[in-house]
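**Student:** Based on what follows, work out the 3D shape:
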Amino acid sequence: MRNSFFKNVIKSGTLGYVYQRLIYDQENALRDLIFLDANSIFEKIVNLDRKKMVRRKASALGDETRYYLEAVKESFLEGRKSGSKKNLKYFPTTKKHYNLQHYLPRPNYLVTILVEIENINDPLLDASGRYKTMVNNMNDCLWILGTDLKLSYISPSCQKIFGYSPEEMMISSLKEIMIPESYERVVRLFEDFKSKKDQAVTIDIHHLRKDGTEVIVEHMIQLLVGEDGSVQGLMGIARDVTEWIAAKENIRKSKEQLQLILDSTAEAIFGMNLAGNCTFCNKSFLRIFGYESQEEVLTKNFKSLFYYEDDDCLQKIYRDDFRSFAEKEIFKRKDGTTFVGEYFTFPQYHNGEIVGAVVTILDITNRIEVEKELRETERSKSVLLQNLPGMAFRCKFDRDRTMQFVSDGCLELTGYPSESFINNRDLTYNDIIRPEFRKRIWDAWVEAVKENRSFRYEYPIITADGREKWVLEQGQPIYNILGEVEALEGLVIDISEQKQKQEEIEYLSFHDSLTGIYNRIYFDMQVKKYDRPEYYPLSLIVGDINGLKFLNDAMGHQEGDKIIQTTAKLLAKGLKPEHILARTGGDEFGILLPKTNLSQAHDTMVKLQNIISEYNKSISEDAYKINLALGYGTKDKPGMEFSSVYKIAEDHMYKRKLLQRESSHSSIISSITATMYAKSQETEEHAERIKALAQRLGKRLNLTQQQLNELALIAMLHDIGKVGIDEKILNKPGKLNREEWREMKKHPEIGYRIAMASPDLVSVAEYILSHHERWDGRGYPRGLKGKEIPLLARIIAITDAYDAMMMDRPYRKALSKEQALSEIRNNAGTQFDPEITEIFVNMMEEE
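**Tutor:** Predicted structure coming up:
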């Protein structure tokens, strides 16, 4: 009965219900009544829809309502004996007998309940009012409350619920039978009812019984409204739900306890980073937790595995005094079901710092049951102890761990018979613990005793045959009635295999399975670790194997894998122990160099390139040569984001890739330049000569390696815009007319647009645009002047002009070297940068 009172009791129940105002004549005799509300049962009794009768007189609606009016007059005014046969009326419309029960919520207003009577000859239907007991003796209590918040009627069953008689309830204040919070709630509810006028509600209210005990009562409440729309009061049914709510809570607790009993025997392993995000898991984890693949688990956080999410669990795991420990928890599977497990956390260290953890989750349902039995029998039943895995023990609280009891599992675990340890007959248990762990374990036991808590610790022991085993000891101190430590009791189990698996898993989680070097996960963690001022300057070298996809497609992935493995080995040969080499992608490598400046990073990169070159020379002509493009960058101050270093290194690498014919990235550029060479008189040899001259001049100007690389790229591509110029103009033997010259001068802008459309050429686009600018500002296309012209463009302008003068043209013969240099010198300060011109001329004259 937890739904709306109006819906379930008044609107759709088996009782007829009608609320009406009484009309009296001058002699105070009941003359008529006006209907205010009714339910569907009453509609059937008088054969009239509720909407047609509300606010209408009974005498004016028809024979059925007039018949009902007479029944009310007889039963209410004449008989006034609820339950007597004078209240029993037959209604022709339904051809049924009804017992009429009347209640006055306030003067001149009447609530009538019509109870259907199936057997009018029932011997119990007498003056005692059997059918009145349908209301009076039911477990639920019917009540009517006036606008003054006082009860105008309450059925006798109130005594069962509240302990008060109806008379006591009628004269009692609501405050006396409710706790303060409930009373305030009822007052607010009544005000809410008055404002909304048409509603029903079910609420639970805490009442005070006559004997002072508290009872929770469910009230299903309906508003009583007069014909003028005014609020007349509230009508409701009360039910004691104290036991029901308690039973519901017990059911909830029972469900939680049942969730602790789960059937799983395998162990699950879950690796995570410092944020708690999964880095790997094993197949048992997938099976136990119900996931399809590891990829699905990689989106999970360790906290999400708990049934009760523990926001502090990561803090406990990564606390400052971190050591391996175990915790019991309720875990949830993918489908929402749960199981009880114990998770063991093992830190993952690198260079003394925690970088993550490996968590082993064991099903401990059976062990919980065994431990429970052990406690219930005061830990003295040796049968149970013998069945425990590993070695159960009871020892004195001393440094030697003087054993008083050791289970038979001792022999399998330690290689010594149990009696060897009893009272230290042959040796103490402390003797077989690896020496450096003895004090730590004793201190941990002292702390556990001091804090009166359980003990857990992992440590190695030396067995009788000299082998080392890792064990997990779990125990607790036993106190006597005086609170003194009487003994230590616990269990020691072999975790060597588990420890080995975890070490293997830890290795795999941070290493690339193909090459054996570090993987991207580890590399990114090291970047975060070393991106601190104490490690600056921090340099990065990135590498990309060119043509690997082609090799995989042509020769199969096995050949491609060999190239990756060989490349990793060659790179490792050229690095120092403090350098961190990782495979960061399919054909990509990253090298982190702490405390390494830009120049040192460049030297390391050159060293690696030489190692690759020497390898390529050493293998047969038919073997696949390794084509590895490298780039580098350095962070030397805190304000710089390391992502910028990545970008610098990658840009450098991609520029180098463009300079290598074998690189897949240079194929498009090669195609464009081939078209350019085919359309014009420009030749690839011309570009190569400019490249050589420009790089020689760049070295004289002390340019960086990256600037020299860009200079070489500009030399090859500075006239790339000529692909957009008409061939007739490009190859015209004579001088160009004004219109043709205007068209020819567009090629730097065309080249600029081509470069900007290619991510690999964006960095040299400005130089391509500016290589025909003049020192005196009379160049094109923008008329830049002096050092407004980019440095590399000024270099290309000189070397391009010099090489062009040294070649035959349809309209002139090639100049001699002396003539060409003289022409260059004569144009210093007008067409060319005078300082660079002087250096160039001197360089050429030294040959």
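
**Student:** domain assignment for the protein?
**Tutor:** Dividing the chain into domains by automatic domain parsing, as the record does, gives the ranges 1-129, 138-259, 264-363, 381-501, 524-659, 666-845.

**Student:** in the stretch 1-150 of the chain, what spans have low per-residue confidence?
**Tutor:** 1-14, 77-86, 119-138 (pLDDT under 70).

**Student:** hmm, try it at 80
**Tutor:** Along the stretch 1-150 of the chain, the parts satisfying pLDDT under 80 run over 1-14, 75-88, 103-106, 117-140.

**Student:** now the helices: where do they sit in it?
**Tutor:** Residue ranges of the helices in the stretch 1-150 of the chain, as given by DSSP state H, counting those that start in this stretch, are 5, 40-46, 50-53, 63-72, 133-136.

**Student:** For I839, find the nearest of those.
**Tutor:** Proximity to I839, assessed across the helices of the stretch 1-150 of the chain by CB to CB, is greatest for helix 5 (102.2 Å). Any C-beta I mention is one placed from the backbone N, CA and C, and that applies to glycine too.

**Student:** Sheet partners, orientation included, of the helix or strand harbouring V492?
**Tutor:** For V492, the host element (DSSP states H and E) is strand 485-494. Strand 485-494 has its sheet partners listed here by DSSP bridges as strand 391-395 (antiparallel), strand 468-479 (antiparallel).

**Student:** And the helices in the stretch 501-650 of the chain?
**Tutor:** Secondary structure of the stretch 501-650 of the chain, counting by DSSP H, counting those that start in this stretch: helices at 520-530, 548-555, 557-573, 598-618, 642-659.

**Student:** just the stretch 701-847 of the chain next, same as before
**Tutor:** Secondary structure of the stretch 701-847 of the chain (DSSP H, counting those that start in this stretch): helices located at 705-717, 727-730, 738-744, 747-757, 765-770, 791-805, 817-826, 834-845.

**Student:** Serialize the ones you listed to a markdown table and add fields for mean pLDDT, mean neighbour count and distance to Q526.
**Tutor:** Supplementary listing: the helices of the stretch 701-847 of the chain in a markdown table, determined by pLDDT from 0 to 100; neighbours: other CB atoms under 10 Å; distance: least, CB to CB, whole Å:
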| stretch | mean pLDDT | mean neighbour count | distance to Q526 |
| --- | --- | --- | --- |
| helix 705-717 | 90 | 22 | 25 |
| helix 727-730 | 85 | 14 | 54 |
| helix 738-744 | 92 | 13 | 54 |
| helix 747-757 | 84 | 19 | 36 |
| helix 765-770 | 94 | 24 | 35 |
| helix 791-805 | 94 | 22 | 35 |
| helix 817-826 | 94 | 15 | 52 |
| helix 834-845 | 95 | 16 | 43 |
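
**Student:** Nearest to H206, out of those helices?
**Tutor:** With CB to CB, the closest approach to H206 among the helices of the stretch 701-847 of the chain belongs to helix 747-757: 76.5 Å.

**Student:** Looking at the strands paired with strand 485-494, which one is packed in the most?
**Tutor:** Using mean count of other CB atoms under 10 Å, the stretch among these with the largest mean neighbour count is strand 391-395, at a mean of 24.

**Student:** Next secondary structure element downstream of that strand?
**Tutor:** strand 403-406.

**Student:** Give the buried residues for that following strand.
**Tutor:** Of the residues in strand 403-406, those buried by neighbour count under the rule 16 or more other CB atoms under 10 Å are 403, 405-406.

**Student:** all helices in the stretch 251-400 of the chain, in order from the N-terminus.
**Tutor:** According to DSSP H, counting those that start in this stretch, the stretch 251-400 of the chain carries its helices in the segments 283-289, 294-297, 313-317, 365-376, 382-387.

**Student:** Give me the contact list for the second one.
**Tutor:** Meaning helix 294-297. Surrounding helix 294-297, the residues in contact under the criterion CB atoms under 8 Å, 6 or more residues apart in numbering are 270, 278, 280-281, 285-286, 289, 291.

**Student:** Let me know the average pLDDT across that helix.
**Tutor:** Averaging pLDDT along helix 294-297 gives 87.

**Student:** And it, what's buried?
**Tutor:** Neighbour counts over helix 294-297 (16+ other CB under 10 Å) mark V297 as buried.

**Student:** can you give me how far that helix is from the chain middle?
**Tutor:** Averaged C-alpha coordinates place helix 294-297 at 13 Å from its chain's average position (CA atoms, centre = their mean, to the nearest Å).

**Student:** Stretch 767-782 too?
**Tutor:** On CA atoms, centre = their mean, the centre of stretch 767-782 falls 56 Å from that of its chain.

**Student:** Fine by me, thanks again.
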